[in-house]
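Engineer: Below: sequence and its predicted model.
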Amino acid sequence: MIVKDQVGSGEMIPMFDGHIFVEYEPKNTFASVPDLRYREIKPTSNNQRTHELLTGSAAGSNKVTVFNTEEKDKWSLNLALLDNEIKNEDKEGDLFLGGLVYYKQGQEIAITGNALTLESYEKSPSDEVDLIKDINLHSSKEDEGIRLKQRMGNSVGHYKGTLVWTLSDTPK
């Protein structure tokens, strides 16, 4: 830091009589995004079956962390499935029958190639700015969180898809 042509280092700055102005570029960005993991897919005799996210150390984090230093009134977390497909890594050309779904307040919403708003944040006038916001994607309840919904006909294997996470901010 340079104050009145004197260079300061560490936490100490030279003595001076005046004001300090700190300039920074506000950000609304991801601090972390999870790698969603589910158990190996096995054939099912049921018409459809849902799988919850794995938990524990093998799964890693099941939450999205947003770092926000902007004073925006509104922002949203969006998710899309790239190319709208989940592929079998063990058997080339074999696509997953079913898909990712998001359950919110009991409502099932398919995660496709079109961005889906998972969560929205709106600051009320009395709120301070939340610098870090965690959004948990796992729930042990069958009608909450992100789940993998399987239909009959899948071959055994490890399937993989690419998720596109975006943040959008809008003025009030």
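Structural biologist: Cool, got the structure.
Engineer: Below-threshold pLDDT in the protein: ranges please.
Structural biologist: Low-confidence segments of the chain, defined by pLDDT under 70: 1-24, 26, 39, 43-61, 71-73, 123-131, 170-172.
Engineer: could you pull out the strands for it?
Structural biologist: Using DSSP state E, the strands of the chain run over 2-3, 6-7, 28-32, 48-52, 63-68, 74-81, 87-88, 98-104, 107-110, 116-122, 132-136, 145-151, 159-160, 163-170.
Engineer: and among the ones you listed, the most buried is which?
Structural biologist: strand 145-151 (a mean of 21; mean count of other Cβ atoms under 10 Å). (Glycine included, C-beta is placed from N, CA and C.)
Engineer: okay, the angle between it and strand 163-170?
Structural biologist: Relative orientation of strand 145-151 and strand 163-170, computed by axes from the mean of the first three to the mean of the last three Cα atoms, to 10 degrees: 140 degrees.
Engineer: Quick one: list the elements packing against strand 145-151.
Structural biologist: Of the remaining helices and strands, those touching strand 145-151 by 3 or more Cβ pairs under 8 Å, 6 or more residues apart in numbering; DSSP states H and E are strand 48-52, strand 98-104.
Engineer: again, only using 10 Å
Structural biologist: The elements that strand 145-151 packs onto, with contact taken as 3 or more Cβ pairs under 10 Å, 6 or more residues apart in numbering; DSSP states H and E, are strand 48-52, strand 98-104, strand 107-110.
Engineer: follow-up on the earlier one: now the strands of the chain in TSV, with distance to residue 38?
Structural biologist: What follows is those, written out as TSV (distance: least, Cβ to Cβ, whole Å):
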stretch	distance to residue 38
strand 2-3	53
strand 6-7	54
strand 28-32	19
strand 48-52	5
strand 63-68	16
strand 74-81	14
strand 87-88	13
strand 98-104	10
strand 107-110	16
strand 116-122	18
strand 132-136	16
strand 145-151	5
strand 159-160	8
strand 163-170	13
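Engineer: Determine which of these approaches residue 40 most closely.
Structural biologist: strand 159-160 (8.9 Å; Cβ to Cβ).
Engineer: show me the contacts for the closest residue to residue 121 other than its chain neighbours.
Structural biologist: Nearest-residue entry for residue 121: residue 75, 5.4 Å, with adjacent residues in sequence omitted and distances by Cβ to Cβ, 6 or more residues apart in numbering. Residues near residue 75 by Cβ atoms under 10 Å, 6 or more residues apart in numbering: 28, 66, 68, 119-123, 133, 167-170.
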